[in-house]
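Q: Generate coordinates for the sequence data below:
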Amino acid sequence: MAGTVRRIGHDVRRGRNLEAYAVTLVAAALAVVSAFGDLVPVEVLWSVLLAGIALLVYRITVPDERAGTLDAFLDDRVAFDARPFPDRLRTAQEVWVYAPSAVNILSPAHCDALRTSVLARPGGVVRVVLLDPASPAVEQAVRQLDDAVDFALQRLRPSITTTRGRLAAMAGWPVPGVVEHRVLDFNPGFSLVAIDPQSRHGRVIVELHGFHNESTSGRMHLEFHRRDSDRWYAYWIDQFRHIWAAARPVDADGRPGDQPGD
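A: The predicted structure is shown next:
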């Protein structure tokens, strides 16, 4: 219910589907009034009903204003958060994450959501790659992600430490699924989350870090399904595969290995 309210609020703020919401609101109001007697003439009820049907049928024939435009795929982190991450995991079997610290996507609430969804299923897999805190690349990432943000709320190094502690705890959970964690010595300039990446209904979300941002929530996001573009879906999934292959596995004590993984 809360997710529906957020979605409606998101649409209204952007002027989307206003006719449908208006018809629904009027119809609901008339239904409530009618329940208390003949307060509304039957002719008025039928007029509203037919007008609503006509408007909705017409709306179906109008092409989606966002279809085929960049606005159908590009937004910011606020828009991504409009649909809560736990809602995206209801049927997920596999989740891939690359982020310098992943401290936001792997918040305590999100980790628990992974526990009760992906990791609760036999064969469930969560793969996470973080920036290697011992790598010289961290200093460059600090300049980009901390120093070049006007209103920063978090710092990269302690965020990496926090997330690694959460991943270590998750790896020890008695659940059917598995958590796999690696570290990378290079920041590619984006963060990536893929949900069921190898399935036909997979979804990928990419956040571009940029050179300068007012806040982290203002970074550009791309979000799309495999059906939106086979080519670019495959491109971003391959990006993660290359990251995973180049990253070093982390042992049970949280220490990176000497060689990249497979």
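Q: my read: Val179 touches Ala168, true?
A: No - the criterion here is CB atoms under 8 Å, and Val179 misses it with Ala168 at 9.3 Å. Quick note: C-beta positions are derived from backbone N, CA and C, even for glycine.
Q: Please say which of these two ends up with more neighbours.
A: Neighbour totals were compared for Val179 and Ala168, and Val179 leads with 24 against 15 (other CB atoms under 10 Å).
Q: Looks to me like that one is in a strand.
A: Yes - Val179 forms part of a strand when assessed by DSSP: H, G, I helix; E, B strand; the rest coil.
Q: beta partners for Asn213?
A: For Asn213, the beta-bridge partners are Val149 (DSSP bridges).
Q: no wait, His225
A: Arg203.
Q: ok, now Val183?
A: Going by DSSP bridges, Val183 forms beta bridges with Leu130, Arg248.
Q: what number of residues lie near it?
A: Applying other CB under 10 Å, we find 22 residues neighbouring Val183.
Q: Repeat that for Gly123.
A: If we define neighbours as other CB under 10 Å, then Gly123 has 10 of them.
Q: backbone phi and psi for the nearest residue to it once chain neighbours are set aside, please?
A: Leaving out its chain neighbours, the residue that sits closest to Gly123 by CB to CB, 6 or more residues apart in numbering is Gln93, at 6.5 Å. Gln93 adopts backbone torsions of phi -110, psi -20, taken as degrees, to the nearest 10.
Q: Please name the residues that touch Gln93.
A: Taking CB atoms under 8 Å, 6 or more residues apart in numbering, we find Gln93 in contact with 118, 121, 123-125, 196, 199.
Q: Repeat that for Val206.
A: Counting by CB under 8 Å, 6+ apart, Val206 makes contact with 190-192, 221-223, 236.
Q: Is Arg166 in contact with Ile105, as I believe?
A: No - contact between Arg166 and Ile105 fails when scored by CB under 8 Å: they sit 10.9 Å apart.
Q: intersection of neighbour lists for Val179 and Ala168?
A: The overlap between the contact sets of Val179 and Ala168 (CB under 8 Å, 6+ apart) is empty.
Q: rewinding a little: now the contacts of Val206 in JSON lines, with distance to Asp81 and secondary structure?
A: Below are these laid out as JSON lines (distance: CB to CB, whole Å; DSSP: H, G, I helix; E, B strand; the rest coil):
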{"residue": "Phe190", "distance to Asp81": "18", "secondary structure": "strand"}
{"residue": "Ser191", "distance to Asp81": "14", "secondary structure": "strand"}
{"residue": "Leu192", "distance to Asp81": "17", "secondary structure": "strand"}
{"residue": "His221", "distance to Asp81": "10", "secondary structure": "strand"}
{"residue": "Leu222", "distance to Asp81": "15", "secondary structure": "strand"}
{"residue": "Glu223", "distance to Asp81": "12", "secondary structure": "strand"}
{"residue": "Trp236", "distance to Asp81": "20", "secondary structure": "helix"}
